[in-house]
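Peer 1: After the sequence you'll find the predicted model.
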Amino acid sequence: MSENKHIHLIGICGTAMASLAGMLKQRGFHVTGSDAAAYPPMSDFLAELGIPVAQPFDVRNLEPCPDLIVVGNAISRENPELEHVLDQRIPFCSLPQLLHEEFLRGKEVLVVAGTHGKTTTTSMLAWIFHTAGMQPSFLIGGIAENFGSSFHVGQGKHFILEGDEYDTAFFDKGPKFLHYFPDAVILTSVEFDHADIYKDLDAVETAFKRLVNLIPRRGRIIAFDGMAGDAIESASLERSLSKAFSPVERYGSGSRADWQITNIKFESEKTSWSVLHNKRPWMDLEFPLAGEYNVWNATAAAALAEAYGISKEEIAAALKTFRSVKRRLEVKAQVNGITIIDDFAHHPTAIAGTLKALRARYPGARLWTILEPRSNTLRRRVLQADLARSLALADEVVVAAVFRSEAIPVDERLELPELAAEIQKYGRHARLLADADEIVNTTAPEMRRGDVVAILSNGGFDGIYDKLPARLRALATEAGSVTSANAAGNR
């Protein structure tokens, strides 16, 4: 495609869309985009790249007429820009189509897939390859802090990317990752998710079966061994791997894992563990992240990196300096001894992993969880019992109103009063508060030094990440003023 072309992305503020926009601009295209609303970190990311974002969607955003339109998978019929594109027969495609045609052809494609852990594992793998001097290209569904970016077009032969099982576009309801034709895959987990497009777990497994069936015999699959005691997840993984023709290596804490994790130690500033490869000691590893699930992610990345000739010393050095991903256990603020954490967790399993990680990193702290049910799965009651169990791992639980609840059929919608009642059966205090403002005004006065507050949402949550620290600072200022006035009155 000619590099002087104008490419417009409808729905540009999605993490993958914003990353593609940056890659296209780096390649020399004239890039514009539009979205309903832009919020950090992707809005800041696009601004730094100098890519204009028009808000809201409007036909006028397509003037002058672009040469090609990329339609994000969140865009549906009745979007004014999409309707204009169809009426005028302006050329259009999906993100995975363009990514494959412009960037993946001729590369060794390494895909990280699974229900959980894709973004962090992809970031780890890219960082390992980068520090080993392999000059990889990568595309990640978040801002990797080591790179300060979610993408890079490198000179090396490897392209490392996050493989999403969500659908491709309004005209292509198949998973994105089927467009990537990987040479190797990390498969982190297989659970029911994306309840808006998958009917049941069987449908999810079918998508992953199709992915592993694409991998050539010379390729490789690094697959999680399943959680101890979770027969359902283990069975789902095994069924998903049934269509594989390439070698499969497993990682985990179980005795049958090819890459067996042992001796995990959680400390205040780091996590360390040992890895056995085929029952023999392989390497002691450490990094500054919290959470057992991140140990799994790192071990998977290490196993695939070793398969591509990166030494275990280079792998260990890279992990030791790995700095995580924006919105994954990210410390947003520390106010008067209260630590505020931003995490993207939007599935009961991910929420449980996040809260367990915080328990280990901040032992003895009172742990708050403030949840916005925003993802297409969490807004539904299908995993309501699992959600209650996960949220009950916190000491104080606050749940906001279901995001755009009117878009979910009443008989499918998450039942908040029932959820709160289920949480309270576990002996935890659960409250339902309408929005960010009510949450901040109600809870901030109750927070005290030493508390850890985990805010869980896969969206902007109406600016709560700034509103809560601001309110805590204001309360501290007010308290200081009262103390000063009382002291003056006693003199």
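Peer 2: Noted; the coordinates are in hand. Every value quoted in this text rests on a predicted model; they were computed, and no experiment measured them. Numbering: from 1, shown residues only.
Peer 1: how about the helices in the stretch 301-450 of the chain?
Peer 2: 312-320, 348-361, 384-391, 416-425, 436-443 (DSSP state H, counting those that start in this stretch).
Peer 1: so which of those helices comes closest to residue 220?
Peer 2: The closest of those to residue 220 is helix 312-320. By C-beta to C-beta, the value is 15.9 Å. (C-beta placed from N, C-alpha, C; glycine too.)
Peer 1: then that closest one to PDB, C-alphas only?
Peer 2: C-alpha atoms of helix 312-320 as PDB (Å, rounded to 0.1, in the frame of the first residue of the first chain):
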ATOM      1  CA  LYS A 312      18.600 -18.200  30.600                       C
ATOM      2  CA  GLU A 313      21.000 -15.500  31.900                       C
ATOM      3  CA  GLU A 314      19.500 -13.000  29.400                       C
ATOM      4  CA  ILE A 315      16.000 -14.100  30.400                       C
ATOM      5  CA  ALA A 316      16.700 -13.700  34.100                       C
ATOM      6  CA  ALA A 317      18.200 -10.200  33.600                       C
ATOM      7  CA  ALA A 318      15.300  -9.000  31.500                       C
ATOM      8  CA  LEU A 319      12.700 -10.200  34.000                       C
ATOM      9  CA  LYS A 320      14.600  -8.600  36.900                       C
END
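Peer 1: what does that helix contact?
Peer 2: Helix 312-320 is contacted from outside by 124, 127-128, 130-132, 282-287, 298, 301-302, 305-306, using C-beta atoms under 8 Å, 6 or more residues apart in numbering.
Peer 1: Just the buried residues of these.
Peer 2: Applying 16 or more other C-beta atoms under 10 Å to the contacts of helix 312-320, the neighbour count classes 124, 127-128, 130-132, 282-283, 285-287, 298, 301-302, 305-306 as buried.
Peer 1: For residue 327, state which of the residues you listed is nearest.
Peer 2: Closest approach between those and residue 327, by C-beta to C-beta: residue 124, at 15.9 Å.
Peer 1: Could you look up the SS state of that closest one?
Peer 2: Following DSSP: H, G, I helix; E, B strand; the rest coil, residue 124 is assigned to helix.
Peer 1: Residue 260 now?
Peer 2: strand.
Peer 1: List the contacts of it.
Peer 2: By C-beta under 8 Å, 6+ apart, the contact set of residue 260 is 251-254, 275-277, 279.
Peer 1: Just the buried residues from these, in PyMOL please.
Peer 2: In PyMOL, this line selects whichever of the contacts of residue 260 come out buried by 16+ other C-beta under 10 Å:
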select buried, resi 251+252+253+275+276+277
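Peer 1: Would you confirm that residue 342 contacts residue 330?
Peer 2: Yes: using C-beta atoms under 8 Å, residue 342 is in contact with residue 330, at 4.6 Å.
Peer 1: Show me what residue 368 is bridged to.
Peer 2: Residue 368 has these beta-bridge partners by DSSP bridges: residue 396, residue 453.
Peer 1: Tell me how many other residues crowd it.
Peer 2: Here the count is done by other C-beta atoms under 10 Å, and residue 368 has 23 residues near it.
Peer 1: Over to the one 10 residues further on?
Peer 2: Other residues near residue 378 come to 28 when the count uses other C-beta under 10 Å.
Peer 1: ok so, going back, tell me which of the buried ones among the contacts of helix 312-320 is nearest to residue 445?
Peer 2: Closest approach to residue 445 among these (C-beta to C-beta): residue 287, at 36.7 Å.
Peer 1: excluding its backbone neighbours, what's nearest that closest one?
Peer 2: residue 319 (4.7 Å; C-beta to C-beta, 6 or more residues apart in numbering).
Peer 1: Please report the distance of that neighbour from residue 154.
Peer 2: 20 Å (C-beta to C-beta, to the nearest Å).
Peer 1: More neighbours: which of these two?
Peer 2: Regarding residue 319 and residue 154, a neighbour count based on other C-beta under 10 Å identifies residue 319 as having more, with 23 against 17.
Peer 1: and the more buried one, what pLDDT?
Peer 2: For residue 319, the model assigns a pLDDT of 97.
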